[in-house]
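**Q** Here is the input, now give the coordinates:
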Amino acid sequence: MTTDEELDLLDQQLRRLKIEYEIFFNNPAKRPPTDIEWKVLSIIRKFSDSPRMSFSQRYKYNSMAQRYAIQSDLWRKKMRIREEGYRRPQDAILSVQGVRGVVEQVKHPVYGLPNHVQTAATGTAAAAAAQSFSVRYSGAAGERDQIQFLYKILTEAKKKSGEKVSGNLDSFATFVKKKTSEIRKQHSCEAVEYSVEMQDGQVKLKAKAKV
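**A** Model (predicted):
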């Protein structure tokens, strides 16, 4: 099975897992879908540090791993309510609530998930996607696709957070090339790592020298 096929399988299993948990929480006699969850975690663990993935595959993987971390936290809370009963008025709301557009911080470690994925799963879904993505760029002519993909991630993150997108791909590529040249000269490094992050409610493009 190819990497793309396994990532598609992970996406399918995540959708199925969400449906099975919804059925579980609405049926007192139903058992939790631990077998499906085990399959999901197996794939997530397999690709957590895999060097075989392309930039687009890594972004897709991170998005799904973060989605699982957020949903897993919600399921844990609803499971506690199911076992212990309602302790607070908001528990009654949570017991029938799905994952919202703005998600509370994930406050417990999810077994099997890399730390950077769990960290990125805090805040809004847009912030989570933004916090997990980075690109290594050296200024070589053959790295145009990396700039293009970095631009795509940056603009998508800005749109999701409601920020205005200024400039086009060509102007962005010119900026990245110039910035890369300056940082390489200043730090005598081989490449520059660019990351898209959420800071103070705004999407930021960060640059860091890489030896």
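**Q** quick one: the helices in the chain?
**A** 3-25, 34-47, 55-84, 89-94, 115-120, 125-131, 144-160, 169-187 (DSSP state H).
**Q** Show me what counts as buried in the last one.
**A** When burial is assessed from 16 or more other C-beta atoms under 10 Å, helix 169-187 yields the following buried residues: 172-173, 176, 179-180, 183-184. Yep, even glycine has a C-beta here, placed from its N, CA and C like the rest.
**Q** what angle sits between it and helix 144-160?
**A** Here the directions of helix 169-187 and helix 144-160 differ by 110 degrees (axes from the mean of the first three to the mean of the last three C-alpha atoms, to 10 degrees).
**Q** same for helix 169-187, what does it pack against?
**A** helix 144-160, strand 191-199, strand 202-210 (3 or more C-beta pairs under 8 Å, 6 or more residues apart in numbering; DSSP states H and E).
**Q** Count the residues that sit near the nearest residue in space to residue 6 that is not next to it in sequence.
**A** Closest residue to residue 6 apart from its sequence neighbours, by C-beta to C-beta, 6 or more residues apart in numbering: residue 43 at 6.2 Å. Neighbour count for residue 43, taken as other C-beta atoms under 10 Å: 20.
**Q** again, but for the one 4 residues further on
**A** Using other C-beta under 10 Å as the criterion, residue 47 is surrounded by 20 other residues.
**Q** Residue 189 now?
**A** Around residue 189 there are 16 residues (other C-beta under 10 Å).
**Q** does it really touch residue 208, like I thought?
**A** No. Using C-beta atoms under 8 Å as the test, residue 189 is too far from residue 208 to be in contact (9.2 Å).
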